[in-house]
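*Asks:* Sequence first, then the predicted structure, then my questions.
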Amino acid sequence: MAIISEFKDFIAKGDVIDLAVAFVMGAAFNAVVTALVTDIITPIIGIPGHVNFASLTYTLNGSTFLLGAFLNSLIAFLSIAIALFFFVIKPVSKMKPAPKAKAPETKTCPYCLSQISVKATKCAFCTSNV
């Protein structure tokens, strides 16, 4: 029964639940963007040349390459990446406080120019008082 209790504690952690929700939301967002690209964006791109991207294929020695499906997937991927960058990454990075600069741990001895501890009152190299 200890293993079941440990598993229950693991599942109840906030990180696992947050990850599961993020995964489901990402899949739903992917479906929406894919539909947007397939049903709206690529037909608009194909208007000037009267090209239907969904049926764009290339056949070589009996093998069919679905170029239209690949272009739709590529445009969907780029759309998702751009949306994530501008609507998630940039705002979150602006909300985070700037990292504090660490105080230096060493200083330069004015006499011999060696690096010594900031707390030192005497240089370990030239024995001068600093």
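*Replies:* Done, it's in.
*Asks:* Give the next helix or strand downstream of the one helix or strand Glu6 maps to.
*Replies:* Here Glu6, judged by DSSP states H and E, is contained in helix 2-12. Using DSSP H and E, the helix or strand that follows helix 2-12 towards the C-terminus is helix 14-36.
*Asks:* helices or strands next to that following helix in the packing?
*Replies:* With contacts defined as 3 or more Cβ pairs under 8 Å, 6 or more residues apart in numbering; DSSP states H and E, helix 14-36 has these neighbours: helix 67-84. The way it works is simple: take the backbone N, C-alpha and C, and place the C-beta from them, glycine included.
*Asks:* tell me how far the helix or strand just after the helix it packs on is from the chain's mean position?
*Replies:* Per DSSP H and E, the first helix or strand lying C-terminal to helix 67-84 is helix 90-95. With Cα atoms, centre = their mean, to the nearest Å as the basis, helix 90-95 stands 13 Å off its chain's centre.
*Asks:* who's in contact with the helix or strand just after helix 90-95?
*Replies:* Note on helix 90-95: by DSSP H and E, the next helix or strand toward the C-terminus is strand 106-108. Contact with strand 106-108 is made by 114-118, 120, 130, as judged by Cβ atoms under 8 Å, 6 or more residues apart in numbering.
*Asks:* If we only consider the residues you listed, which is nearest to Ile47?
*Replies:* Compare each of the contacts of strand 106-108 with Ile47 using Cβ to Cβ and the shortest gap goes to Gln115, at 66.9 Å.
*Asks:* hmm, back to that, nearest to Val24, of the contacts of strand 106-108?
*Replies:* Looking across the contacts of strand 106-108 and measuring by Cβ to Cβ, the closest to Val24 is Val118, at 51.3 Å.
*Asks:* what's the closest one sitting at in phi/psi?
*Replies:* Main-chain torsions, Val118, degrees, to the nearest 10: phi -60, psi -30.
*Asks:* Can we start the residue count at 457 from this point?
*Replies:* New numbering, starting at 457: the last item is Val574.
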